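Novice: I'd like to go over a predicted model; first the sequence, then the structure.
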Amino acid sequence: GLSSDLGPVLLRGVDLQIGLTKRLAAALPDRRHQSYVSHSYHDLLTQRIYQIGCGYEDGNDANSLRHDPMFKLGAARLPFDAAAALASGATISRFEHAASRQDIYRVSEALVEQFIAGFAGPPK
């Protein structure tokens with residue numbers, strides 16, 4: 001059945017307007033061997049940020065939410081397609097632990113750029 005959580009769909013609407021996950025994904029070079037990749041960095045960031053935004057801060061929550069139709073819809077996947085599952089908790093954990101000091105710095109820069117982009121003109 002459907003989840004009762006509309007949060008991922010609402011977050012997607014905001015994200016499409018402000019481009020947060022796109023900006024953050026662009027800050028992270030994907031060093032993985034692409035023939036083994038099922039979930040792009042953008043997909044992983046989207047899933048993780050939306051889950052945190054909906055109150056699921058534990059990375060292991062991904063295991064129970066990866067088949068949730070509303071989270072799949074929020075992540076631009078077909079909600080009732082079993083093959084369109086989101087990433088598992090293990091995949092989320094590998095993604096988070098693979099970040100280097102330089103990756104964290106670039107993401108921090110992207111977050112500052114995102115903050116500044118929220119103003120009509122640069123804040124003082």
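Specialist: Okay, I see it. Numbers count the residues shown, from 1 in each chain.

Novice: Spatially, what comes nearest to the residue most central in space within the chain if we skip its sequence neighbours?
Specialist: Using Cα atoms, centre = their mean, the residue of the chain that lies closest to the mean C-alpha position is Thr46, 1.6 Å off. Nearest residue to Thr46, sequence neighbours excluded (Cβ to Cβ, 6 or more residues apart in numbering): Thr21, at 4.6 Å. Where C-beta positions appear, they are placed from N, C-alpha and C, glycine not excepted.

Novice: Locate the one you found within the secondary structure: which element?
Specialist: helix 20-26 (DSSP states H and E).

Novice: Just the buried positions in that helix, please.
Specialist: Using 16 or more other Cβ atoms under 10 Å as the burial criterion, the residues of helix 20-26 that qualify are Leu20, Thr21, Arg23, Leu24, Ala25.

Novice: now that helix: mean pLDDT?
Specialist: For helix 20-26, mean pLDDT rounds to 97.
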